[in-house]
Each structure stands twice: as C-alpha cells, then as structure tokens.
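Asks: The sequence isn't on hand, but the structure is:
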C-alpha cells in the first residue's frame, strides 16, 4: 500500500518531533533542566506525557495484530497494560516520588544505601530498556516497509537517529512537551480512522464478525510473500501467479493449492480468488471466525498458563519499566504523583478501547495477513483496504503517522532514562557531555540488536520486557517500600533470582528458534514462574540475613511514606540535648 | 513585685512534644505513628489490588471450566469481549479513584495526629 500521503505523514511526525525538541533546547540550560524538567510539570501535562511515552509500538500496532491473529486471550494485553498502572498507583506511586529517586537505581540506593544493590538494579534497568527498545525499532521497520516498501532496516535507523538527536539536544524538558503532544496525536490517529471504518462496516451490511466459517478473501487479492513462509490451506484453492510452492517453480500460471501445509518461496506473488478460505501461517491455530472469538483459541500449549503468565507480567511489570519511573520524579510531591497516575489510568482506558476493533475488523477485510504472518500490519493496512480512493489513503496516512509517533515517543522516553542510567552508573560521566555520549550508546545498542533478532510479534517482545521487570525490579520496589525487613543481600539475591531466568528465557525466545516444543510457552511467557521466584528469594533471604538490614531504615521509611508538608525530614537522629 | 532570685534550679515542666518531633527524633512513639500510617496505606493498597486483580484473575479459569460462558452474549458482544474490552476499564478507574481518595484521607488523618501539639 505504498502511499504518498503516508510517507508525508511519517515525515511530518518525525520533523515535528525534532522541531518541538529544538524549541525545548532554548528553554533547557542547566543540567537539572536537562534531567528532570526542573519538576515544574502539572499533573495533566505529566499524565499526557506518561501516556504518550507508554503507548508504544505494542499498543498502537501490536495488540490489534495479536487479537486479529489469536483472539480474545490477547485482550489481556490492553487490560494488563492498564491494570499495571492501578498496581503502580496503589503500591508505589507516592512512595517512589517521595524517595526523591530519578531512576530505579537511585531508588535502590536511597532505600538500601548500597552501591551493589544500585549496580544490580542498573544492569537490570538497562537490560529491560534495551529489550523494550528492540520491538519499537522493529515496529518502525514494519511500518516503513508497509507504507513505502523500504527495506526493514530503514525504519529502525530513522527512529534511532531522530530520537538520539532529539534527546541529545533537548533533554527531558522538551521530551515532556513532545510526549504530551504525542499522546493526543496517537489517540486521534487511532480513533478517527476506526470511527470511519465502523461506519463503512455498518453501511456495507455489518457482516457478522463471528460466522462459523474460515476467514475468506473479500475480493481477488494479490499477495506478495516477503519471506519464505509455511502456510496451511483449509480447503483447496486455485491460485495464479509467479513464485515457488513446495520447491516447485511457477511462472505466471495457475495451480491448485491442495488443503494442508505448503512452503511458499521468498518473493512469490500470487492472486487468491474472492471467497476462498484464507490459508494461515503454520504457527496459528485452525480457527473459524466463530472459534477464534472464544477464549483459549490461540492454539498454544497450556493456554491457561500462558494467560496467567501474561497477566502477572503486565500487572506487575509496569512499575519496573525504566522510562515510566522517571516520569514520577517530575511531579512536585507524592499526592500529585497519585493524581497523575489516576489521570493516566483514564487516558489509557480510552486509548485501549480502539485496538481490539481493528483486530476484529481485520478478520473480515485483511485476512491475507494471517497468511503472510505480518499480523502487526493490520492497523496500518485496514483503512486503505476498507475505504477506496483518497479518503482511505488519508486515513491510512493518519494511522501511519500515529504509529510512527508511538515508536518515536516510547523510544525517546527509553533513551532518556537509559542514558541517565548509563551516564550515572556505567560510564560515570557527569554533566551534559556525559549525558550526550550515553544517549548515543543507549540508541545504538538496540539498533544493532535488530539485525540479529528473529522477528516475533512486537507485543510479544514487549511482553518479555514486562516479564523481566516484573520478576526483578517489581520485588525490589514492593518489598523495599512496604517491608522494613528487606536486607541488602535479600534485595540482590531476589533481583538476580527473578531477573536472570526471565532475561535468559526472553533472549532465548527472541534470538533462537525454539519451534513448537512443549516448554516453549515457559520461555516465551516466563513471568508465572520467575515472578514468584524473585519475590520468594528476596523475602526468604532477607529473613535469613536480618543482620544486614540497611542502616537508618526507619528514617528512609519516614521519607517514603510521610506526606511532604509535615516537616518530617529523613535526616540524622537528633542529639540528646535538643530533647531535654 | 520584685523577683530577687528567679527559680532556676527547679525542673521546668516537660512540654508535651508534637508527633512531628517524636518522629523526627525517632522516639518509640514516633515509630508507632509511622508504623500505623504505613500499615494503613499498605492494607488499603493491597486490598484495592487484590479485589481488582482477583476479580479479573478468576476470568480465565471461569472461561476454561465453563466454556459456554465464552459463547454468552452481552449487548451483541461475546461475554469475554464485553468483559475485557468494555467493562474492565471503568472498573479500574473507579478502583483508582477510590484508592486516591482513601489514601489522601488517611494522610490527612495522620497529619492531624502528628501536628497536634
């Protein structure tokens, strides 16, 4: 669907982001400006910025794609992404702000007074951040590939360059404005098209979304296979075109595709007839639209385990994401932090009503994506497919612009927070120069990683980042904030016991092909076993090492929990003279 | 009246200390104040979380042991779709709003307690 309008939209978003960023450059002068926007951001601005930063490639394109392919089990992604903020609100928002920490490592040090705890938290924050950046870049590659036909590496490169330059020049103050603007842009870009699409669907007779038939081609459809693909045809279909099927070369002629599995060669171009049942990628379950709409239709081994693991990862992982935590520092106090989080809950709730609609309509109008496996593209392709002419192209351009905004904003937030961690804890370079060097490093590493990953759905990749956060930094925050008995050794042991297996499982899923083995789901959805492991180890080891309770823990607790305006400082003990 | 010799030897009456000072000076009483606040906030946070996560968390099991539930319809939407796409979000917001209200209330009560002279 190469479209001039879509290219223009992507360019406008990229340039707009840079312009707003440069405007911020003139405002931000000191190092403190650079890092935390000098804490002068109102809850609405801040909440919009959090929303803008949080709604990533996974939210904008990934969720719709997964729902489109795997059915209602995937609805737990939007629910979990939102519920994560409720858990964050109730368990960490105010204390985290009151701790005065700018990054998670800062919190670790403020609470445990230990460089080692801080170091471990830094390494984990970096790993989570990079794991989360990777799918943003892959999503950008997919978007540019879909709207312009550019090779897959162009999108990641464009995003990395725009984000790095922007963050280096503006720091966080500009980012707050950029992010707040991005939330509203994204909401518009996903809402306006779906309203039109629903109207079109209604006008065309509101075809049932859950008929007991396989998804069928709405009209003769020409499909290009960019990658070698194994597909499963439900019925025999007569197809025409050029390419390779099961090792057999076909030049511009017809062929009956019998039911069963077939290997289609790279670059094949076939036309599928109107009304034929759509073959699907071999890794998907054989679902009619009716069975697809039922729970546990994804065809995974152990679907119940998969769902619960997803729930645990998303509910608990949000609080451990490095770019989310940074935002809380820009609130003036703990009460404002809570109110901001509540507004965020509202903003996310509105946004997440939309992606499932795209996923469901995709079953009717873009079913061929089930066959090419590019299910993440459903949001991008749907407008031009459902509405002919310039209207569809403009709506398609809007969606493409919004998607690009999603990649840019999440990546910016991540790069800012990772640069903070890198400059303070790894490179130990202070000042604006250190921050700039770290920014480049924070952006380049995931760019390099895009060349070796295996191209799984972006929302699944993001799910892995959530799983690592939920198994390592979540126990650190929860037990650190609410239990005075947590010790330095317990904190380190717990973070490692939860984080290392989750990270290993994530890397294995991303970079190795584990195929259809029974233990696949244990690796691709590790949270259900790594999160309890992290919590248990942290708590039990703490109980066993009670002599290592960090000094001054009572003072720290006062700082974390007491309202700021009471004049309760967390400073050293008063001398005996003052008392008498 | 002329005071020829002010009473300096006798101990001054011990002023009661405010809770703020008790906490800042880390007295036993101050620790009790803080423990009470932390416990109240922890109980509130955990209860809100448990109610919300618990009510969401039973859904997958329900749908598994009673597959017919997945086929039921509400307002023309499949029940799982209705619950997860539509009903969840207002519930999360309501829970969040309730939590913020209660948390701010318990902080106000704490403030009144410790600032009492």
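Replies: Received the coordinates, thanks. Everything numeric in this text was worked out from a predicted model, so none of it was measured.

Asks: wait, what's in contact with residue B:36?
Replies: residue B:110 (CB atoms under 8 Å, 6 or more residues apart in numbering or on different chains). For the C-beta atoms, the positions are set from N, CA and C on the backbone; glycine is no exception.

Asks: Secondary structure element for it, which one?
Replies: Secondary structure assignment for residue B:36, by DSSP states H and E: helix B:28-65.

Asks: Could you do residue A:415 as well?
Replies: In this structure, residue A:415 sits in helix A:389-421 according to DSSP H and E.

Asks: and the helix or strand of chain B with the lowest mean pLDDT, what does it pack onto?
Replies: Taking all helices and strands of chain B together, the one with the lowest average confidence (mean pLDDT, DSSP states H and E) is helix B:19-24, at a mean of 71. When contacts are defined as 3 or more CB pairs under 8 Å, 6 or more residues apart in numbering or on different chains; DSSP states H and E, helix B:19-24 packs onto helix B:28-65, helix B:88-115.

Asks: Any buried residues in the helix holding residue B:36, and which?
Replies: B:30, B:33-34, B:37-38, B:40-42, B:44-45, B:48-49, B:52-53, B:56, B:59-60, B:63 (16 or more other CB atoms under 10 Å in any protein chain shown).

Asks: is it true that residue A:218 lies in a strand?
Replies: No. Using DSSP: H, G, I helix; E, B strand; the rest coil, the assignment for residue A:218 is coil, not a strand.

Asks: Which residue comes closest to it once chain neighbours are left out?
Replies: Closest residue to residue A:218 apart from its sequence neighbours, by CB to CB, 6 or more residues apart in numbering or on different chains: residue A:365 at 6.0 Å.

Asks: Look up the pLDDT of that neighbour for me, please.
Replies: In the predicted model, residue A:365 carries a pLDDT score of 88.

Asks: so where's chain B uncertain?
Replies: When residues are selected by pLDDT under 70, those of chain B lie in B:1-17, B:19, B:117.

Asks: switch the cut-off to 80
Replies: The model of chain B has pLDDT under 80 over residues B:1-31, B:67-77, B:114-117.

Asks: At the geometric centre of it, which residue sits there?
Replies: The centroid of chain B falls nearest to residue B:41 when counting by CA atoms, centre = their mean (3.1 Å).

Asks: In contact with that one: list those residues for me.
Replies: Counted by CB under 8 Å, 6+ apart, residue B:41 has contacts A:561, B:103, B:106.

Asks: you'd agree residue A:560 is up against residue A:483?
Replies: No. Taking contacts as CB atoms under 8 Å, residue A:560 lies outside contact range of residue A:483: 11.6 Å.

Asks: Show me which of these two is the more surrounded one.
Replies: Comparing residue A:560 with residue A:483 by other CB atoms under 10 Å in any protein chain shown, the one with more neighbours is residue A:560, at 26 against 16.

Asks: Can you give the contact residues for whatever helix or strand that one lives in?
Replies: Element membership for residue A:560 (DSSP H and E) is helix A:553-561. Residues outside helix A:553-561 that contact it (CB under 8 Å, 6+ apart) are A:95, A:98-100, A:110-111, A:481, A:484, A:550, A:568-572, B:23, B:26, B:31, B:34, B:37-38, B:41.

Asks: quick one: that helix to helix B:88-115, angle?
Replies: 130 degrees (axes from the mean of the first three to the mean of the last three CA atoms, to 10 degrees).

Asks: between helix A:553-561 and helix B:28-65, how many degrees?
Replies: With the same axes, to 10 degrees applied, the angle from helix A:553-561 to helix B:28-65 works out at 60 degrees.

Asks: May I ask you to confirm that residue A:65 is in contact with residue A:377?
Replies: Yes. Between residue A:65 and residue A:377 a contact is recorded at 7.2 Å, counting by CB under 8 Å.

Asks: where along chain A do the strands fall?
Replies: A:221-224, A:229-233, A:237-245, A:248-257, A:260-264, A:269-272, A:280-281 (DSSP state E).

Asks: picking that back up, and residue A:65 and residue A:377? Which one has more around it.
Replies: With neighbours defined as other CB under 10 Å, residue A:65 and residue A:377 compare such that residue A:65 has more, 29 against 24.

Asks: ok, that one - contacts?
Replies: A:359, A:369, A:375, A:376, A:377, A:378, A:379, A:457, A:458, A:459.

Asks: I'd like to know how far the residue nearest to residue A:218 sits from residue A:188.
Replies: Applying CB to CB, to the nearest Å, the value for residue A:365 to residue A:188 is 22 Å.

Asks: more crowded one of those two?
Replies: The neighbour count for residue A:365 versus residue A:188, taken as other CB under 10 Å, is higher for residue A:365 (20 against 14).

Asks: My guess is the more buried one contacts residue A:379. True?
Replies: No. Using CB under 8 Å, residue A:365 makes no contact with residue A:379, being 12.0 Å away.

Asks: Just give the nearest non-adjacent residue to the residue in the stretch 301-450 of chain A positioned nearest to chain B, would you?
Replies: Residue of the stretch 301-450 of chain A nearest chain B, by CB to the nearest CB: residue A:349 (3.6 Å). Distance criterion CB to CB, 6+ apart; nearest residue to residue A:349, sequence neighbours excluded, is residue B:89 at 3.6 Å.

Asks: how near is the nearest residue to residue A:193 once chain neighbours are set aside to residue A:44?
Replies: Distances taken as CB to CB, 6+ apart place residue A:395 nearest to residue A:193, at 4.2 Å, with adjacent residues excluded. Using CB to CB, residue A:395 is found at 28 Å from residue A:44.

Asks: Between the two, tell me which one has more neighbours.
Replies: Using other CB under 10 Å as the criterion, residue A:395 and residue A:44 rank with residue A:395 on top: 24 against 13.

Asks: Could you list the contact residues of the stretch 151-300 of chain A toward chain B?
Replies: With CB under 8 Å from any CB of the partner chain as the criterion, the stretch 151-300 of chain A comes near chain B at residues A:210, A:293, A:294, A:295, A:296.

Asks: OK, contacts around the third one?
Replies: By that I understand residue A:294. With CB under 8 Å, 6+ apart, residue A:294 has these contacts: A:71, A:72, B:67, B:70, B:71, B:78, B:80.

Asks: The fourth one should be in a strand, yeah?
Replies: By that I understand residue B:70. No. Assignment of residue B:70 by three-state DSSP gives helix, placing it outside any strand.

Asks: For the closest residue to residue A:94 other than its chain neighbours, grab the count of nearby residues.
Replies: Leaving aside its chain neighbours, residue A:94 sits nearest to residue A:334 (3.5 Å; criterion: CB to CB, 6+ apart). Close neighbours of residue A:334, defined as other CB under 10 Å, add up to 24.

Asks: what does residue A:430 give?
Replies: By the criterion of other CB under 10 Å, residue A:430 has 11 neighbours.
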